[in-house]
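Trainee: Return atomic coordinates for the entry below.
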Amino acid sequence: MGNQQSASAPPPATSAAPCAEAAAAAGAEPPSSCPVNPKYKNPAVYNVYGQRINDPNSQAKPSPLASITGADVLDPKNNMPLEPNQLPCPGQRKPLSTERVASNIPKGGTESTWLFPSPQMVFNALKRKGKGDDVTEDDMDGFIAAHNSMNEATWQRVAQWEMLHRGECDTPTLLRFQGKPHDLSPLAWVRHMLGGPAPFDRHDWVIDRCGKEVRYIIDFYFFDDKAGTPQAFEIVARPAVDSVEAALDRVKMNIYLKFAEWGLPCPITGQAGAVAQAAAAAGGQQAASGSS
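Mentor: From the prediction side, this is the model:
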C-alpha cells in the first residue's frame, strides 16, 4: 500500500488488500478466494459500544437521535449511550477523573491502542446497570486498576490463541467487543450445572485477523474463598465455535498444553512448542482448560 502504479496498469489480481477492502466496504468478510496478507488490517473502527465510527454510509443515514444531546440518551440499536458519559451522575458526592488511560491492546482499524474508560465513565455505567449500589467514589481507583488489569490479561489470553495463526497474521487486533453479563456461555452453563460458580461477567471479543473477523468468548470468574490472592480471578478465553477452524484451534491448543505439561515437545513439529510455552507462562492453562 502507498506505492504508486501506472494508470494503464491495473492492480495485480493477487493483491490481498483490494480484495479485502472491497469486502470490508460492503460490510462483509473477505471471501475465501482473497489471498492472505499478514499485514492487512480491517479499516473499520469501532467505539466501546460496538458502533462503527468511520462508516462511510453514516452521513447518508444519520441516527434518528443524532440531534439530541445528552450522554444518557440510549441508541435504540444497542441500548447503549450515544456518547460516553463523562458527566457526574445524580447523587454523586465527589468528583471523579475523566482521564482515559491507553491500554496495550491494539485497536482494529488504527495504529493505536484502545483507551480504557475513565473512572467517571465506569461509575456511571455501574449506576446505570444497577450494579453500583455498594460502590462509592472512593472505591473507583481500586476498581479501575482491577478492570484494566483484567482486560490486559484477557488480551494476553487471546493473543496466545492467535499464535496458532501467526503464519497468516502476525498483527491481530481487537476490532470490537460486547458485554453479555446475563448470557451464560455453553461452557459456563456446564460448569455451573456441575456445581461451580457462575461467571460474574462475559465478553465477546471480535478479533481482526488481518482482514478476517474471529469471535472469542471470555468468561470471568471470581472465587470468594480465594479472595485477596492471585487465584481469586479466572479468565476463560477461547475462540467461539463459529467455524471448523475455530473448533480445530480448541483441539490443537489443548493438545499443545497437555504435551507441554508432560514436558514433551510439540507432537507436530517435534520441537519445543512456543504456543504452549507462552500460554502456560501467562496462565494459559486456565484459559484453555475446559475449552473443548
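
Trainee: Sketch out the strands for the stretch 1-150 of the chain, chain order is fine.
Mentor: Per DSSP state E, counting those that start in this stretch, the stretch 1-150 of the chain carries strands over the ranges 74-75, 80-81, 102-106, 113-115.

Trainee: Once you drop chain neighbours, what's closest to residue 200?
Mentor: In this structure, residue 200 finds its nearest non-sequential neighbour in residue 222, 5.3 Å apart by CB to CB, 6 or more residues apart in numbering. Using the backbone N, CA and C atoms, a C-beta is placed for each residue, glycine as well.

Trainee: and the one you found, what are its bridge partners?
Mentor: Legend: beta-bridge partners of residue 222 under DSSP bridges are residue 233.

Trainee: That one contacts residue 232, correct?
Mentor: Yes. Assessed by CB atoms under 8 Å, residue 222 is found in contact with residue 232 at 6.1 Å.

Trainee: Let me see the ranges of the helices in this structure.
Mentor: Remark: helices assigned in the chain by DSSP state H are 16-25, 119-128, 140-162, 186-193, 244-261, 274-281, 284-288.

Trainee: export these to a markdown table and tack on distance to residue 168 and mean pLDDT?
Mentor: A markdown table is the format used below for those (distance: least, CB to CB, whole Å; pLDDT from 0 to 100):
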| stretch | distance to residue 168 | mean pLDDT |
| --- | --- | --- |
| helix 16-25 | 11 | 54 |
| helix 119-128 | 36 | 87 |
| helix 140-162 | 10 | 93 |
| helix 186-193 | 26 | 95 |
| helix 244-261 | 11 | 89 |
| helix 274-281 | 14 | 62 |
| helix 284-288 | 21 | 42 |
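
Trainee: so which of those gets nearest residue 109?
Mentor: Among the helices of the chain, the nearest to residue 109 by CB to CB is helix 16-25 (9.3 Å).

Trainee: in stretch 237-252, what counts as buried?
Mentor: Buried residues in stretch 237-252, counted by 16 or more other CB atoms under 10 Å: 237, 238, 239, 240, 241, 246, 249, 250, 252.

Trainee: Got phi/psi on the fourth one?
Mentor: In other words, residue 240. phi -70, psi 140 (degrees, to the nearest 10).

Trainee: Surely it touches residue 218?
Mentor: No. With contact defined as CB under 8 Å, residue 240 does not reach residue 218; the gap is 10.1 Å.

Trainee: where do the contact lists of those two overlap?
Mentor: residue 204 (CB atoms under 8 Å, 6 or more residues apart in numbering).

Trainee: Mind putting the helices of the chain into a markdown table with distance to residue 106?
Mentor: Output for these, formatted as a markdown table (distance: least, CB to CB, whole Å):
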| stretch | distance to residue 106 |
| --- | --- |
| helix 16-25 | 17 |
| helix 119-128 | 21 |
| helix 140-162 | 8 |
| helix 186-193 | 26 |
| helix 244-261 | 20 |
| helix 274-281 | 17 |
| helix 284-288 | 19 |
